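Asker: based on what follows, work out the 3D shape:
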Amino acid sequence: MGLQAYRPITPAQRQKTTEDYDQITTKKPMKSLIASKKQQAGRNNQGRITVRHRGGGVKRHYRIITYKLPQNLAFTVEEIEYDPNRSARIARVKDENGVYYYVIADTKMTKGTKFKTGEEVEVETSNRMPLENIPVGTFVYAVELQPGKGAQMVRAAGASAQLMAKEGAYATLKMPSGEVRKVLVKCEASIGTVSNVQHQNVKIGSAGRKRRKGIRPTVRGVVMNAADHPHGGGDGGRHGSGKAPRTPWGQLTLGYRTRRNKKTNKMIVRSRHEGKRR
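Answerer: Residues are numbered from 1 along each chain as shown. The predicted structure is shown next:
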C-alpha cells in the first residue's frame, strides 16, 4: 500500500497525495450493514455549536461495525471496503452460519482470508482471543477495556499495541501513543496491525478537498479584533507575547490538560507525557 502523487499542473496538485486504494475490492457496501447518518455540523441537540469549524461535506452512510464478534466461530473475509467515517479499512466478513459483519481490517486481511475467535484458537494474525492467551511481545489491535464490551482501543489506521507483560489479573500494553497501561487479561484483542498504515502521510493539498471532508476554514485569533479573541487587536505588532495561548472564550489551551477521568490513573504504568500522569 502506497501513496499516489499527481502531475503538478496546478498549485494544489503539486502537493496533493491520495491513498492508492489497492486493497479495496468493492465499491458497493452491503445495504443491510449501513445506516443513514444525519449531518450535525458540530451542533448538539439544542442546536448550539459545540465543535467549531464543522459543516458541509459530502453525504455519507454509516457502516455498522461489529466490535464484539461471536465466540468460537470461523470467519471468511468476503470484501475489503473503504469507510468514509474512519481512517482504517473495513472488512466484510461472513461466519459459518452465513451471517455478515463489518469489522476493522488489519494489514494482512485480503479477500478470502480466514480467521477465528475464541479462547482456544491459534495465535495467528487476525485471530481474536483474550489477552491471557496471547504471547508476550505480540502486536494487537481492537482491544477491549472491559471484558465483553467490545473493542474500544487501538482502532485507527496503522495503529497497534504491544503486549509487554502479564501478571496476575492484568496485562500490560504499550499503546500507540507511548503510554503503558494495564488491562484485564480477560479482555479480548485481535492479533496484527490496523490497515491503511500510510494514512498519516496523506497531504490534503487543497482547501476544497478539506471542505468536502466536512471541515470549514479556521481563522487565527491573532488576526481577529480584540472583541473577538484574547489574541486579537493591536497595531500589527506582536500579540500576547509572554502570555499563555487561549481559546476565544479565554480558556487556556495548547498544553492545558483537560482529562477528567482520574479513576483510571491507577491503570497507567507510564504516561505518554515523559513519565508524568495526567
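Asker: in what helix or strand does Arg257 lie?
Answerer: In this assignment (DSSP states H and E), Arg257 forms part of neither any helix nor any strand.
Asker: burial count for it?
Answerer: 9 (other Cβ atoms under 10 Å). Yep, even glycine has a C-beta here, placed from its N, CA and C like the rest.
Asker: kindly report the same for Glu188.
Answerer: A count of nearby residues for Glu188, using other Cβ under 10 Å, gives 26.
Asker: please name the bridge partners of it.
Answerer: On the basis of DSSP bridges, Glu188 is bridged to Pro130.
Asker: which residues touch it?
Answerer: 117, 128-131, 143-144, 147, 151 (Cβ atoms under 8 Å, 6 or more residues apart in numbering).
Asker: helices along the chain, start to end?
Answerer: Along the chain, the segments classed as helices by DSSP state H run 11-15, 207-212.
Asker: same list (those helices) but as JSON lines, adding mean pLDDT.
Answerer: Below are the helices of the chain laid out as JSON lines (pLDDT from 0 to 100):
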{"stretch": "helix 11-15", "mean pLDDT": "90"}
{"stretch": "helix 207-212", "mean pLDDT": "93"}
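Asker: quick one, which of these is nearest to Arg155?
Answerer: Nearest to Arg155 among those is helix 207-212 (23.4 Å), distances taken as Cβ to Cβ.
Asker: and that closest one, what does it pack against?
Answerer: Helices and strands touching helix 207-212, as assessed by 3 or more Cβ pairs under 8 Å, 6 or more residues apart in numbering; DSSP states H and E, are absent.
Asker: could I get that helix in PDB with only the CA atoms?
Answerer: Taking C-alpha atoms only, helix 207-212 is exported to PDB below (Å, rounded to 0.1, in the frame of the first residue of the first chain):
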ATOM      1  CA  ALA A 207      -8.900  23.800   0.500                       C
ATOM      2  CA  GLY A 208     -11.800  22.300  -1.500                       C
ATOM      3  CA  ARG A 209     -10.800  18.800  -0.500                       C
ATOM      4  CA  LYS A 210     -10.900  19.800   3.100                       C
ATOM      5  CA  ARG A 211     -14.400  21.300   2.700                       C
ATOM      6  CA  ARG A 212     -15.600  18.000   1.100                       C
END
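Asker: now do the buried residues in it.
Answerer: Lys210 (16 or more other Cβ atoms under 10 Å).
Asker: roughly how far does Ser190 sit from Thr117?
Answerer: Distance, Ser190 to Thr117, by Cβ to Cβ, to the nearest Å: 9 Å.
Asker: who touches both of the two?
Answerer: 127-128.
Asker: the closest residue in space to Gly178 that isn't next to it in sequence - how many residues pack around it?
Answerer: Closest residue to Gly178 apart from its sequence neighbours, by Cβ to Cβ, 6 or more residues apart in numbering: Arg272 at 4.4 Å. A count of nearby residues for Arg272, using other Cβ under 10 Å, gives 15.
Asker: wait, doesn't Arg272 sit right on Lys174?
Answerer: No: counting by Cβ atoms under 8 Å, Arg272 stays clear of Lys174, with 10.1 Å between them.
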